[in-house]
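A.B. asks: Following is a predicted model, sequence given first.
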Amino acid sequence: MTDCLFCKIIDGQIPSSKVYEDEFVLAFRDIDPQAPQHIIIIPKEHIKSANDITAENSAVIGKIFEVAAKIAKDLGFADNGFRVVNNCGEDGGQTVSHLHFHLLAGRNLGWPPG
Ligand code: 5GP
Ligand code: ZN
């Protein structure tokens, strides 16, 4: 999608610090990290939000969690633990309209979230 920030990152029109990439999924470092490790994991297909996950496109969600587990292992925070967060819509705090998951680690994360 031409007007989408994360589609532009996928296309390379906007640079990013890539952590993982395959045919279906891209992971890159968040520009404004909220934890020592803050990585954004996205499907390469433009899906607007968690509201738009369907039987036709949901396989990539499993891939995204596979990638989260791989990154946690590769970057060495699997044993200490991590959090995967999806913000959906206005009340959920979503600011970029391309489905994405925040992978946060490297400190004790508070609960409940704000
Ligand atoms: P949301 O608030 O929609 O759940 O998350 C969007 C995330 O994208 C935010 O954490 C924000 O810091 C990150 N972000 C926004 N613009 C850019 C960018 O140009 N590059 C990178 N790497 N991250 C971005
Ligand atoms: Zn997009």
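C.D. replies: Looks like it came in fine. Ligands and ions are numbered 1, 2, ... in the order given.

A.B. asks: Shouldn't Asp74 be within a strand?
C.D. replies: No - counting by DSSP: H, G, I helix; E, B strand; the rest coil, Asp74 is not found in a strand; it is helix.

A.B. asks: how close does it sit to ligand 1?
C.D. replies: 19 Å (C-beta to the nearest ligand atom, to the nearest Å). The C-beta positions use only the backbone N, C-alpha and C, and glycine is treated the same way.

A.B. asks: Give me the pLDDT value at that residue.
C.D. replies: Note for Asp74: predicted pLDDT of 98.

A.B. asks: near ligand 1, which residues of the chain show up?
C.D. replies: By the rule C-beta under 6 Å from any ligand atom, the part of the chain lying against ligand 1 is 5, 14, 16, 28-32, 40, 87, 93-96.

A.B. asks: mind checking pLDDT for the nearest residue to Pro43 once chain neighbours are set aside?
C.D. replies: Of all residues not flanking Pro43 in the chain, Val60 sits nearest, at 4.3 Å (C-beta to C-beta, 6 or more residues apart in numbering). Val60 is assigned a predicted lDDT (pLDDT) of 98.

A.B. asks: Test my guess that Val60 contacts His46.
C.D. replies: No - under the criterion of C-beta atoms under 8 Å, Val60 is not in contact with His46, lying 11.4 Å apart.

A.B. asks: Spatially nearest residue to Ala69, not counting backbone neighbours?
C.D. replies: Using C-beta to C-beta, 6+ apart and skipping residues adjacent in sequence, the residue nearest Ala69 is Ala78, 7.2 Å away.

A.B. asks: Now the one you found: which helix or strand?
C.D. replies: With secondary structure defined by DSSP states H and E, Ala78 is part of neither a helix nor a strand.

A.B. asks: distance of it from ligand 2?
C.D. replies: According to C-beta to the ion, to the nearest Å, Ala78 stands 29 Å off from ligand 2.

A.B. asks: try Leu99
C.D. replies: Taken as C-beta to the ion, the span from Leu99 to ligand 2 is 8 Å.
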